[in-house]
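Asks: model the structure of this input:
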Amino acid sequence: MLVRLPRWILVLLLLLPLGALPHAQPAARDAQRTRAAAPSSDADFAASVREWTTGPEFMSPLVDHLPVVKGLPTPKDVLGYHVGAPKRLTKTADALAYYRALEKASPRIRVTTIGKTDEGREVNVVYIASESTMKQLDTHIASLGRLADPRGLTEDEARRLIATTPPMYHLMAGLHSAETGPPEMLMELAYRLVAEDTPLVRQVRDRIIVSFTPASDPDGRDRYVDWYRKYMVDIAEEKDRITGPPYWGKYIFHDNNRDINYSQVTLRAHLDWYLKTHPPVMHDLHESVPFLYTFSGQAPQNPNLDPIVYGELPMFANFEMMQLTKYGMPGVWTHGFVDMWSPGYLAFMSSNHNGLVRMYETFGNGGATTMKRRVAPPDGGAGQTSREWYRPLPPYKEVTWSMRNNTNYMQTAVLSALQYASAFPEVLVENFYKKSKNSLESGRTEAPYAYVVPAGQPDQTRVDMLLSLLMRQGIEVSRATAELKVGDTTYPAGSYVIRRDQPYGRLVKTLLEKQTFPDPSLRTYDDTGWTMGLMLQVDVKAIADKTVLDAPVTRVTDLARSGSVAGTASPAAWVVPHHGSNDMVRLRLALGASVDVRAATASFKVGDASYPAGSFLVPASAGAAFTDAVTRLGLQATGLAAMPQAATVAVDLPRLAMFTTWGRTQEVGWVRHAFDTFGIPYDLIYKERIRQGGLRQAYDVILVPNQATTGKSLVYDIERKGKPLAYKKDAQFPSLGTYGESDDITGGMGLEGVLELQKFVEDGGVLITLGASSYMPAEFGLQRTVTATRPTGAFYAPGPIVEVELLRPEHPIFFGYGKTKLPVRYANGPLFQVPAEEATDQVLMRFTGGDEGVLSGLMRGSAEIRRRPALVDTPMGKGRVVAFATNPCYRWQNHGEFGMLFNAAVLFWNDVPAKKATTPTTVTAER
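Replies: Numbering: from 1, shown residues only. Modelled structure (predicted):
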C-alpha cells in the first residue's frame, strides 16, 4: 500500500543529506559532503586560512577549503590575495573587477549596475544561480512581481507560479563603511557558489537565486579603505584604536540605515531596484557584537507586519545558530539585540513590502588587522558573554580576532541560510504571495480602510511631499473625482485617498497611523514615532467607514503641479501667502538679492482676501523671474493694483555659515542635504575657520546643527591621541579631503573658538544651535541666564513626536504656521530654564508635556518636559543666540519643522519683534 506523505515531510527529508537536522548528520559528514565533488582544492588557500584563523573553533567545514576550477578566477587570481588576508581591504572598483572577471568566465553569474552614487561610483547587484535559472532570470523576476501584486491572479495561476519560481535571496554588504568584512566575504562566497560542485551548493544554485549588493555605500567604502590604509593598518592593540574618517558618504554615516523616506541617491537606487525585482528575502550583513548575532525579530514588534514574518525570522535564525554551534563555533546567538519596531532600516524595505528582512552582526575590528579584543564589559560583568537560552554557547570574554575569523563566521552562516532557503524554496515563495494577498485582504476587512488627505489644505506643497514619499515606496494614491462623504463628514472633490486594500496597504498604515508603543517598559533600537502626517504637519484622516472603498477615484501617477498667478493684469505688486511652504525659501532665493522682497509682519486684507503674517510682497519689476518661480514651485501669487499698507520687514538674505565638528558630521549632513536640496547657499566651516576669527566680517548667521551630547563634546570634539590626523587630498588616498580639509581633525575649536563665537554674536551676528548642540551656549556662557539641564535617569524619549505651544506666535520664526500648537520631534535636546523676568521675551515655544502631549511614539517621564522651553531667543550684545531644544531638521522626516529653521536662518534672520509688555510666563518644569 502506497502512503502519500504530506509535502512538509517530503521537503524536510530533502534536508537530511545536507545535515539540516542535528541528529541526522554530524559535522564530520557535513565536511565530507561539502568537499565530496570538488575536483581539487587550493592548497595555498587552505594553508593561509588556517594561519589567519586564530583558533580551530573559529573555522567550519563549509569554508576551510576552496575548489580550483579551470577557467574560473579565484579572488586571489584577480586581487593578488585571498579573502581574509591580514591588513587587506578591497576598494569597490577592484571588487567590481573581480565580479566582472568571474562573470566573463561563467554563465552562472550576472553583474548589473542599478544606479550611481553622489560621487559617481557604480551601485551594483550580482546574481548567481544555475545556468538554466540564469537563462530565465528575467522571467523569474517577472513572476515574483506578479506574486507581489496578486490582484486578478487566480489560485491556480498562483500555485503554478509558486511551484515554478525560485525565490531570490538578496544579501547586502558594506552599508556601514567601518564594518569592513562583508564586502570581502561576498567575493569568496560568489566564487564558491559559482565554482563549487557539492550537494549543498548545487542545491542552492538549482533551487534559489542568490543576489547581493557588493557595497551598499560605495563612496563610504572607498573613503574608509583609504583611511584604514593611511592610519589604521598597523594598529594591533585595542587601546590604540582611533576614530574613522570624518565622512563616509556625502551626507550621512550610519543613518543610511535609517533613511525611512529614501532621501539619499544611493538608497533610492536600492529601493527602485527592489520594487522592480521583489526578492522575498533581504539580508543585511553588519558588524558589531561578538561573535555572530542572527536577527530573530524580538519585541517590540511592528504589529502591522504580517504575522507570518514573525515565524520566518526565528525559523532561519535558530537553524543558523544550530548549524554553527554544531560546527563547534562559539558565540552564535539570536533574539537579544535588535527589535522589530522601526520600519526605517534599509533592508526593512523587504518586510514593508511583504517580504522578509534579515540581518547579521558579526564581530569585526573596524579593519583587517588582527588584534586582541576585550569582549566582556570592563566592570567584570558578563555582558554579551553570558549564557542565555538564546545564546547557548556564548563568546569568550577575551579573544584574538582576525578578518578571517569574521569571514569564516559570516560565510558559514550565510551558507547555512542559503541551505535552509534552498530546502524550502516553495515555502518562501508561497509565504511571499500569501503576505501580499493578506495585505489586500486586511485592507478590505480591517479598519482603517483608507486614509484621506483632504483637499484645500493651506499649503499644497507639503501635501505633495507626503504623497510623493508614499508613492516612492510603491504605495498607490488616488484622487476623489467628486465630493467624498464618509459618515457625517464630507471631503471636497480632489481629496486624496490612500486605500489599504492594495499590496502595500500594511505599509500605508505603518507610515500614517499614530505609533502606540506596545510596552512602555521595553527599549527600542531606533525611533518610536514617525507618523508622516505629523512630521509634515499635513492633515491626514484615518477612515474607519468601509464605504470609502466605494468612492469614485482616479489613480494618481504624476504629482507635477503648476502654481497659479492671478489678480490684476498689470499689477503694481505681487502677494504670495505664506502658509508654511518650505518652498518659500526657494522663491526668495530664485529672485536674487537685488529684488526688494518684503514680508508682512501681521495678517492683512486686500478686499475680501486675507493674507497671513509672513506673506511675501514682491514688486512688479521682478517680472518673469517671479512668475516663472511661482509657477515652477507650485505656489500661488496674486497681482495687486497697489502695494498694501501693511507693516513689513525686508526679506534680505544672510551670509550663512554652517559649523560642523570633525567627529560628528552626520547630523550636520542631514541639514546640509536639506539646504542643498532647497538651494540655500552656505559655507561649511570647521574648527579651523572658527579659530581664525573675524567671523562677523564674513557671516551674518552661523548655524550649529545637532552634533554633540554636551557642550563640552561640541567644543573639544575628537580627543587627541599621539600624531595629528590629517584629512587632506592625497594622490595615494584620493577619496580623503572630500567636503573639507584639515591638518589635524582632533582637538575641537576649544575655548578660543568659543570666544570667537562670542565676539561674533556681540558684534551683531546670529548664532543658531539645534538639539544637543544647544547645550553649548548655556554651558559656556553665551546665554548667561539660560540653564540647560538633562532629564533624570527615568526619562526615555526615543524620538517621539510631542506637542509644543507657541508663546510668541507673532515672531517671524513662526511665519507660515497658522496654529499655536504644533507637533515636533524631540529626543536628546536640553531642558532649558529661563528666569521668569526674561522668559516673556526670550521663550518663543515650549513643550506642553505630560502623556497627553505625546502625539506618537514613546516618552517615559513625560512630565519632566512639561512647560519647558523648546526654543529660546537670547539677545547678546548687538546679536542673538537662538537655541532649539528640538532638532527642526531631523533626517529627511520632519519637513513640517523645516520652516522654523528656514525662517530663523535665512528668511527672517535679522527680524526681531518688539518686546512683549505682558506678565512673565512661568517656564520652569512642573513635576
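
Asks: please make it C-alpha for all contacts and neighbour counts, starting now.
Replies: OK.

Asks: you'd agree Met410 is in a helix?
Replies: Yes - Met410: assigned to a helix according to DSSP: H, G, I helix; E, B strand; the rest coil.

Asks: that one against Thr362, yeah?
Replies: Yes - between Met410 and Thr362 there is a contact under Cα atoms under 8 Å: 6.5 Å.

Asks: identify the contacts common to the two.
Replies: Counting by Cα atoms under 8 Å, 6 or more residues apart in numbering, the contacts common to Met410 and Thr362 are Leu292.

Asks: can you give me the mean pLDDT across stretch 269-285?
Replies: In this model, stretch 269-285 carries a mean pLDDT of 98.

Asks: hmm, who's touching that stretch?
Replies: With Cα under 8 Å, 6+ apart, stretch 269-285 has contacts from 114-116, 123, 141-142, 144-145, 148, 167-174, 182, 262, 347-350, 354-362, 428-429, 432, 473-474.

Asks: of these, keep whichever come out buried.
Replies: The neighbour-count test (16 or more other Cα atoms under 10 Å) marks 115-116, 123, 141-142, 144-145, 148, 167-174, 182, 262, 347-350, 354-362, 428-429, 432, 473-474 as buried among those.

Asks: which ones among these lie within helices?
Replies: Ile141, Ala142, Leu144, Gly145, Ala148, Pro182, Phe348, Met349, Ser350, Leu428, Val429, Phe432 (DSSP state H).

Asks: and Val854, how far is that from Tyr451?
Replies: Distance, Val854 to Tyr451, using Cα to Cα, to the nearest Å: 22 Å.

Asks: which one of those two is surrounded by more residues?
Replies: Val854 (25 against 22; other Cα atoms under 10 Å).

Asks: ok, the nearest residue to that one once chain neighbours are set aside - how many residues close by?
Replies: Across the structure, with Cα to Cα, 6 or more residues apart in numbering as the measure, the residue nearest Val854 apart from its sequence neighbours is Val802 (4.5 Å). The number of residues packed near Val802 is 27, by other Cα under 10 Å.

Asks: quick one: secondary structure of Val802?
Replies: Three-state assignment for Val802 (three-state DSSP): strand.

Asks: who touches it in this structure?
Replies: Applying Cα under 8 Å, 6+ apart, the residues near Val802 are Pro823, Val824, Arg825, Tyr826, Phe847, Gly849, Gly853, Val854, Leu855, Ser856.

Asks: wait, the fifth one sits on Glu805?
Replies: Yep, that's Phe847 we're talking about. Yes - counting by Cα under 8 Å, Phe847 touches Glu805, with 6.3 Å between them.

Asks: higher neighbour count, the two?
Replies: Phe847 (31 against 19).

Asks: can you give me every residue that contacts the more buried one?
Replies: Applying Cα under 8 Å, 6+ apart, we find Phe847 in contact with Val802, Glu803, Val804, Glu805, Gly853, Ile865, Arg866, Arg867, Arg868, Pro869, Ala870.

Asks: can I get those in JSON lines with pLDDT?
Replies: Formatted as JSON lines, those follow (pLDDT from 0 to 100):
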{"residue": "Val802", "pLDDT": "98"}
{"residue": "Glu803", "pLDDT": "98"}
{"residue": "Val804", "pLDDT": "98"}
{"residue": "Glu805", "pLDDT": "98"}
{"residue": "Gly853", "pLDDT": "98"}
{"residue": "Ile865", "pLDDT": "97"}
{"residue": "Arg866", "pLDDT": "98"}
{"residue": "Arg867", "pLDDT": "97"}
{"residue": "Arg868", "pLDDT": "97"}
{"residue": "Pro869", "pLDDT": "98"}
{"residue": "Ala870", "pLDDT": "98"}
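
Asks: which of the residues you listed fall in strands?
Replies: Under the assignment DSSP state E, those contribute Val802, Glu803, Val804, Glu805, Pro869, Ala870 to strands.

Asks: would you check which pair of those residues lies furthest apart?
Replies: Val802 and Pro869 (13.2 Å; Cα to Cα).

Asks: quick revisit: neighbour-wise, give me the winner out of the contacts of Val802.
Replies: Phe847 (31 neighbours).

Asks: quick check: bridge partners of that one?
Replies: Beta-bridge partners for Phe847, by DSSP bridges, are Val804.

Asks: hang on, Gly174 packs against Glu184?
Replies: No - counting by Cα under 8 Å, Gly174 stays clear of Glu184, with 9.2 Å between them.

Asks: please enumerate the helices of the stretch 351-500 of the chain.
Replies: Using DSSP state H, counting those that start in this stretch, the helices of the stretch 351-500 of the chain run over 403-423, 425-445, 460-472.

Asks: quick one, the first one and helix 425-445 angle?
Replies: Taking axes from the mean of the first three to the mean of the last three Cα atoms, to 10 degrees, one finds helix 403-423 and helix 425-445 inclined to each other by 70 degrees.

Asks: from the chain's centroid, how far away is helix 403-423?
Replies: From the chain centre to the centre of helix 403-423 is a distance of 26 Å (Cα atoms, centre = their mean, to the nearest Å).

Asks: list the helices and strands it packs on?
Replies: helix 7-15, helix 43-52, helix 181-195, helix 199-207, helix 309-326, strand 356-363 (3 or more Cα pairs under 8 Å, 6 or more residues apart in numbering; DSSP states H and E).

Asks: dump those into JSON lines; add mean pLDDT and distance to Thr154 as well.
Replies: Formatted as JSON lines, those follow (pLDDT from 0 to 100; distance: least, Cα to Cα, whole Å):
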{"stretch": "helix 7-15", "mean pLDDT": "43", "distance to Thr154": "22"}
{"stretch": "helix 43-52", "mean pLDDT": "98", "distance to Thr154": "52"}
{"stretch": "helix 181-195", "mean pLDDT": "98", "distance to Thr154": "35"}
{"stretch": "helix 199-207", "mean pLDDT": "98", "distance to Thr154": "24"}
{"stretch": "helix 309-326", "mean pLDDT": "98", "distance to Thr154": "24"}
{"stretch": "strand 356-363", "mean pLDDT": "98", "distance to Thr154": "24"}
